[in-house]
Every structure is written in structure tokens, then in C-alpha cells.
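>>> predicted model follows, preceded by the sequence.
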Amino acid sequence: MAKQSAGMLMYRQTPQGVEVLLVHPGGPFWLKRETGVWTIPKGLTEAGEDLFETARREFMEETGLTPTAPFLELPEIRQSNKRVKAWAFEGDCDPALVKSNTFTLEWPPRSGQMKEFPEIDRAAWFSIPTAKHYIIKAQIPFLDSLVSLLQGDRRLSNYSDSH
């Protein structure tokens with residue numbers, strides 16, 4: 001059975017066009033990788049947790065920011081062995097102020113030394129074309145759906161603010 005993740009995609013509208021906030025995974029495995037590894041802030045759903053609440057919790061844990069309504073529901077994607085559901089919302093922030101939670105990992109491997117790493121080590125704003133170069137390929141449909149919604153295609157519904 002596929003794992004379920006949920007996340008949030010923050011966007012802003014600039015004179016140059018739409019930009020999205022993406023995050024770079026923290027830890028030693030991702031340190032020197034750039035293209036195809038950036039992601040929306042997201043994480044695994046906990047037992048019995050609502051997908052929207054997972055998305056909101058993960059966004060706050062990984063960025064230190066609180067997402068604000070209205071939310072645009074994006075179609076679910078498949079990423080490796082996971083299903084990922086996401087919502088987009090308009091916002092703005094200074095990426096240098098993004099502060100992530102941490103995780104502990106034995107590093108170097110088989111050293112017996114446990115080290116703490118940020119779940120995400122940095123965030124940045126990207127134009128849609130540039131984001132498509134840096135984001136995990138499976139998440140490109142989130143960008144396409146956002147652009148479609150912002151251009152007035154209302155086949156995808158607004159997520160209610162009742163959450």
C-alpha cells in the first residue's frame with residue numbers, strides 16, 4: 001500500500017509572474033544536490049489525520065510559517081511509493097527567515113555518532129519555469145495545476161476555509 005503525504009505550496013504574484021516557495025531537503029544526503037530535489041513543504045500523514053491538517057502541520061514544521069486561507073486544492077500526484085496531496089495558498093516571506101524542525105541521524109554511517117540536521121536546509125522563491133528545473137519531477141503537476149487555477153480554470157475547487 002502506498003504511503004500518503006500532504007503539503008502546501010505557497011505562491012506569490014510579482015510583476016514578472018508567479019513565483020513559488022520551494023524547500024531544499026536538509027541532511028548530508030542532499031548537501032551537494034540541487035536540480036530535481038527541491039520540493040513543496042510536505043510530510044507523511046499520521047494515523048487518522050486529515051490530509052489538509054497534515055499539509056498545514058508539515059508546512060508549519062518545515063518553514064516556521066503559518067499558511068493562510070484561501071486554499072486552492074491541487075490534484076493528488078504519485079511520487080515514488082507515495083501519494084501526495086497538496087493545497088496552494090498566496091503568501092510572502094523572506095526565505096532567509098524560514099526555520100525548519102530537525103531530525104537525528106547516525107552520521108557518518110556506522111560511526112555511532114548521532115547528529116541533528118534540519119529537515120529542510122533552505123527555502124527560495126522560483127519562477128514557474130525555474131521551479132520546474134529544480135523541483136522533484138513528480139511534483140511538476142502541482143506547478144501546472146497552480147498556473148491553470150490562477151489563469152481562471154475553476155475545474156479545481158477552492159478548499160473551504162472551515163478547517
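Arrived safely, thanks for sending. Computed from a predicted model, the values in this text were never measured in an experiment. Numbering: from 1, shown residues only.
>>> tell me the mean pLDDT over the lengthiest strand in the chain?
Using DSSP state E to define each element, the chain has its longest strand at strand 3-14. Strand 3-14 carries an average pLDDT of 96.
>>> in PDB, list the C-alpha atoms belonging to stretch 47-61.
C-alpha atoms of stretch 47-61 as PDB (Å, rounded to 0.1, in the frame of the first residue of the first chain):
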ATOM      1  CA  ALA A  47      -2.700   7.700  11.700                       C
ATOM      2  CA  GLY A  48      -6.200   9.100  11.400                       C
ATOM      3  CA  GLU A  49      -5.000  12.600  10.500                       C
ATOM      4  CA  ASP A  50      -6.900  14.600   7.900                       C
ATOM      5  CA  LEU A  51      -4.900  15.300   4.800                       C
ATOM      6  CA  PHE A  52      -5.400  19.100   4.900                       C
ATOM      7  CA  GLU A  53      -4.300  19.100   8.600                       C
ATOM      8  CA  THR A  54      -1.200  17.100   7.700                       C
ATOM      9  CA  ALA A  55      -0.400  19.600   4.900                       C
ATOM     10  CA  ARG A  56      -0.800  22.500   7.300                       C
ATOM     11  CA  ARG A  57       1.200  20.900  10.100                       C
ATOM     12  CA  GLU A  58       4.000  19.900   7.800                       C
ATOM     13  CA  PHE A  59       4.200  23.400   6.300                       C
ATOM     14  CA  MET A  60       4.500  25.000   9.700                       C
ATOM     15  CA  GLU A  61       7.100  22.400  10.900                       C
END
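>>> list the buried residues of that stretch.
51-52, 54-59, 61 (16 or more other Cβ atoms under 10 Å). In short, each C-beta sits where N, CA and C put it, glycine included.
>>> brilliant, that's me finished.
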